[in-house]
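Enquirer: Need the 3D shape of this:
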Amino acid sequence: MVDGMERRRLSCQASGPVLVLSIDRPEVRNAIDLATARAIEAEIDRFEADGDLRVAIITGSATVFSAGADLKAAAREGVLPRGERRGWFGLLEQLPAKPLIAAVEGLALGGGLEIALACDLIVASRTSAFGLPEVRRGVIASAGGLFRLPQRLPRNLAMEMVLTGEPWPAERLQTLGLINHLCEPGQALAQARALAERIAQQAPLSVQASVTVVRTCAGQGDEAGWALQAPSIEALRHSADYRESVDAFAQGRQPVWRGC
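Expert: This next block holds a predicted model:
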C-alpha cells in the first residue's frame with residue numbers, strides 16, 4: 001500500500017475488516033515528518049474508501065508510540081508535518097467516519113498524545129505514559145490536544161497536564177477514564193485487535209453514524225445532540241442493514257451486514 005521512502009516511515013497491514021497502521025521511525029522515537037504525515041493521510045484515505053475495512057488501529061513500536069512532530073525535520077525542511085486535506089500528521093483535522101483505536105506502548109508525548117486523543121478508543125500497556133510537554137519548549141499543543149484532552153478528562157486535571165508538561169502513567173489515566181483497556185507490556189496491539197474485531201462485527205452504518213454523533217456532540221449540550229443525531233437516525237431507518245436487523249431478529253438468526 002505504501003512504497004518507496006514511505007515504507008520505512010509507515011507499515012500497514014489489513015486483516016479482514018481491521019487495518020493496522022504502524023508508525024515506523026524508531027530512530028527518532030516515531031516522530032512524524034512531512035513524508036510520514038503524507039503516508040498516513042494516504043492510508044486513511046484508502047481506509048475510508050474501502051468498504052471491506054471497518055476499523056483502523058494506529059500504533060507505534062514496542063518501546064514508543066510517538067514523540068509527536070519531528071521538529072528537527074521540520075526545521076531542516078522548512079515545513080510542518082501536515083497533510084494537504086487531513087491536516088496535522090495526515091489525520092487530526094479530518095478524521096475518517098470509521099472508528100479509530102490507538103494501541104500504545106511506551107511514551108505518547110506531544111503530538112503522540114494528540115494522535116491518541118483523535119482516536120475513539122485507547123488501549124495501552126501498563127508501562128506506557130502520556131503527556132503534552134509543549135509548555136517546556138515554549139510552544140503550545142496545537143494539534144488538538146488543548147481541546148480534546150478536556151473532553152476526556154476533568155477540566156482541572158487536563159489543565160494540570162497541559163500547564164506542567166509532565167507525563168502521566170497509563171494506570172492513572174485509565175482510572176480517570178482516558179484509556180479503555182490496560183494490558184501487559186507488548187500486548188497493546190493484540191488487545192486493540194480483539195477490540196476492533198468486536199466492533200467490526202456490528203452493523204457498519206450504525207457504527208459510523210454513532211461515531212459521527214458522539215464526536216460531533218462531545219462537549220455540547222443535549223439540544224445540540226438531539227439535532228445532530230436526527231439525520232443519522234433517519235438515514236439508518238431507510239438502509240438495507242436496518243431491514244436486515246429486523247428480519248434477522250424475527251427469524252432468530254445472526255444478521256448479515258452489507259454496509260448499505
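Enquirer: State the distance from residue 109 to residue 137.
Expert: 11 Å (Cβ to Cβ, to the nearest Å). Placement of C-beta: from N, CA and C, glycine included.
Enquirer: Equivalent analysis for residue 29, please.
Expert: In terms of Cβ to Cβ, residue 29 sits 15 Å off from residue 137.
Enquirer: Those two: who's more crowded?
Expert: A direct count of neighbours by other Cβ atoms under 10 Å for residue 29 and residue 137 places residue 29 higher, at 20 against 10.
Enquirer: my guess is that one meets residue 64, correct?
Expert: Yes - the criterion here is Cβ atoms under 8 Å, and residue 29 meets it with residue 64 at 4.8 Å.
Enquirer: Please report how far residue 131 lies from residue 25.
Expert: 19 Å.
Enquirer: Correction: the previous question concerned residue 142.
Expert: 21 Å.
Enquirer: I'd assumed residue 256 was in contact with residue 240.
Expert: No - with contact defined as Cβ under 8 Å, residue 240 does not reach residue 256; the gap is 10.3 Å.
Enquirer: Who has more neighbours out of the two?
Expert: residue 240 (12 against 9).
Enquirer: And residue 187, how far from residue 65?
Expert: 14 Å.
Enquirer: Tell me which of those two has more neighbours.
Expert: residue 65 (30 against 17).
Enquirer: how would you label the more buried one: helix, strand or coil?
Expert: strand (DSSP: H, G, I helix; E, B strand; the rest coil).
Enquirer: Next, find the distance separating it from residue 168.
Expert: Separation of residue 65 from residue 168 (Cβ to Cβ) stands at 14 Å.
Enquirer: Please apply the same query to residue 82.
Expert: 27 Å.
Enquirer: which one of these two has more residues nearby?
Expert: residue 82 (22 against 19).
Enquirer: Residue 121 versus the residue nearest to the more buried one when sequence neighbours are not counted, what's the distance?
Expert: Nearest residue to residue 82, sequence neighbours excluded (Cβ to Cβ, 6 or more residues apart in numbering): residue 88, at 5.4 Å. Look at residue 88 and residue 121: by Cβ to Cβ, they are 20 Å apart.
Enquirer: who has more neighbours, the two?
Expert: In this view residue 88 and residue 121 are compared by other Cβ under 10 Å, and residue 88 has more residues nearby, 23 against 19.
Enquirer: and that one, what are its phi and psi?
Expert: Backbone torsions of residue 88, given as degrees, to the nearest 10, read phi -50, psi 130.
Enquirer: Give the full set of residues in contact with it.
Expert: 37, 80, 81, 82, 111, 114, 142, 143, 144 (Cβ atoms under 8 Å, 6 or more residues apart in numbering).
Enquirer: cool, residue 95 as well?
Expert: Contacts of residue 95 (Cβ under 8 Å, 6+ apart): 86, 118, 215.
Enquirer: Tell me the confidence at residue 151?
Expert: Here, the pLDDT recorded for residue 151 equals 91.
Enquirer: again with the one 10 residues further on
Expert: Residue 161 is assigned 98 on the pLDDT scale.
Enquirer: so it touches residue 132, yeah?
Expert: Yes - when contacts are counted by Cβ under 8 Å, residue 161 is listed as touching residue 132 (5.9 Å).
Enquirer: more crowded one of those two?
Expert: Neighbour count, other Cβ under 10 Å: between residue 161 and residue 132, residue 132 has more, with 30 against 23.
Enquirer: quick one, phi psi at the more buried one?
Expert: According to degrees, to the nearest 10, residue 132 has phi -120, psi 90.
Enquirer: List the contacts of it.
Expert: Neighbouring residues of residue 132 by Cβ under 8 Å, 6+ apart: 109, 110, 113, 114, 141, 145, 149, 161, 162, 165.
Enquirer: and if we set it to 10 Å?
Expert: 68, 108-114, 117, 140-141, 143, 145-146, 149, 158, 161-168 (Cβ atoms under 10 Å, 6 or more residues apart in numbering).
Enquirer: can you list the weak-confidence ranges in the stretch 151-260 of the chain?
Expert: 221-222, 225 (pLDDT under 70).
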